[in-house]
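*Asks:* need a structure here:
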Amino acid sequence: MSLSLEPTAAASAEAPAAAAAPPLLSIDGAIATITLRRPATHNRIEPDDVGVLRGYLQQLNADASVRVIVFASSGKSFSSGFDLTRLGGAASAHENTFEMLTDEIENARAITIARLHAPVYGGSTDLVLACDFRLGVRGMRMFMPAARLGLHYYPHGIRRWVSRLGLGAAKRLFLTSRPIQDEEMLRIGYLDALVEPAQLDGELAQWTAELLAQAPVPLVSMKKTLNEVARGQYDEATATAAYGASLGTRDIQEALAAFAENRKPVFAGH
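*Replies:* Numbers count the residues shown, from 1 in each chain. Down below sits the predicted model:
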């Protein structure tokens, strides 16, 4: 099954679709793609876009047939982040919907992949870091300008950067606002793969094929446990229960049978 969904909110009628439009969700079988569509502003994320993206994630979390979510865009930048001219006031310090969005990406049921065809800046560096995997191209760069803009970054974002990149890399990026290039992005673990631009879609296809070849149940439960370990929220009873549940699935029996018969397993997701 393949389908595309346009947001029904008033934001979808604000501007010509080709020039600036809310994010688009398309679903092709087990793969969902969420595309940012504001290339004229370097795919800047507007406040209404945050609600659209969170709605898509809620929809995809409820659809067990979707196993991989790809974040993509087009234009000169992957994304320049949240529109900071719309940030401010005491209320935003207590209810940061962009922070909620990045947490929801991190905690999405499906595996998430950022397809980075171009540079990424500002808050979108955290949106991308919240994904499980990041695939980039040679010639790209990134930087986090929070300190330069007078902003103490939101707490869960800082925690994510330290847990995923390490304290040294997080300090260097946050406290200097220094841009880093493709090779350093790969070295510090911000990128999981670095390829020539013409090879990006092939690399993405390989990653999605490998992920879809895994048994669905442990893919979901192990992602959850790994994220909890990284956040210092590991609960051994929950992880042990997930381990025990996997031993009782039909898929583990299918995997053992396929190994014995020297064939690829066909998983049912239970």
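*Asks:* after the helix or strand where V162 lies comes which helix or strand?
*Replies:* Assigned by DSSP states H and E, V162 belongs to helix 155-165. For helix 155-165, the succeeding helix or strand toward the C-terminus, using DSSP H and E, is helix 167-176.
*Asks:* that older thread, may I have the helix holding V162 exported as PDB, CA atoms only?
*Replies:* These are the backbone C-alpha positions of helix 155-165, laid out as PDB (Å, rounded to 0.1, in the frame of the first residue of the first chain):
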ATOM      1  CA  PRO A 155      17.200  20.200  28.900                       C
ATOM      2  CA  HIS A 156      16.300  17.000  27.000                       C
ATOM      3  CA  GLY A 157      18.200  18.200  24.000                       C
ATOM      4  CA  ILE A 158      21.400  18.700  26.000                       C
ATOM      5  CA  ARG A 159      20.900  15.300  27.700                       C
ATOM      6  CA  ARG A 160      20.500  13.600  24.300                       C
ATOM      7  CA  TRP A 161      23.700  15.200  22.900                       C
ATOM      8  CA  VAL A 162      25.800  14.100  25.900                       C
ATOM      9  CA  SER A 163      24.400  10.600  25.900                       C
ATOM     10  CA  ARG A 164      24.800  10.100  22.100                       C
ATOM     11  CA  LEU A 165      27.900  12.100  21.300                       C
END
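*Asks:* may I see the buried residues of it?
*Replies:* For helix 155-165, the neighbour count (16 or more other CB atoms under 10 Å) marks 156-157, 160-165 as buried. (Each C-beta comes from the backbone N, C-alpha and C, glycine too.)
*Asks:* how much does it deviate in direction from helix 167-176?
*Replies:* 130 degrees (axes from the mean of the first three to the mean of the last three CA atoms, to 10 degrees).
*Asks:* what is helix 155-165 packed up against?
*Replies:* helix 97-106, helix 124-129, helix 167-176 (3 or more CB pairs under 8 Å, 6 or more residues apart in numbering; DSSP states H and E).
*Asks:* please give me every residue in contact with A230.
*Replies:* 163-164 (CB atoms under 8 Å, 6 or more residues apart in numbering).
*Asks:* now it: phi and psi?
*Replies:* phi -60, psi -30 (degrees, to the nearest 10).
*Asks:* separation between it and N107?
*Replies:* 12 Å (CB to CB, to the nearest Å).
*Asks:* can you pull the contacts of S79?
*Replies:* If a contact means CB under 8 Å, 6+ apart, then S79 has 36, 42-45, 73, 120-122, 124, 127-128 as its contacts.
*Asks:* if we go to 7 Å?
*Replies:* Residues near S79 by CB atoms under 7 Å, 6 or more residues apart in numbering: 36, 42-43, 45, 73, 120, 124.
*Asks:* with adjacent residues omitted, what lies nearest to it?
*Replies:* S124 (3.6 Å; CB to CB, 6 or more residues apart in numbering).
*Asks:* distance of the one you found relative to P22?
*Replies:* Counting by CB to CB, the gap from S124 to P22 is 16 Å.
*Asks:* neighbour-wise, which of those two wins?
*Replies:* S124 (29 against 26; other CB atoms under 10 Å).
*Asks:* related to what we said a few turns ago, got the buried residues of helix 155-165 as CSV, with pLDDT columns?
*Replies:* Compiled in CSV, these are given as follows (pLDDT from 0 to 100):
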residue, pLDDT
H156, 95
G157, 95
R160, 97
W161, 97
V162, 97
S163, 96
R164, 96
L165, 97
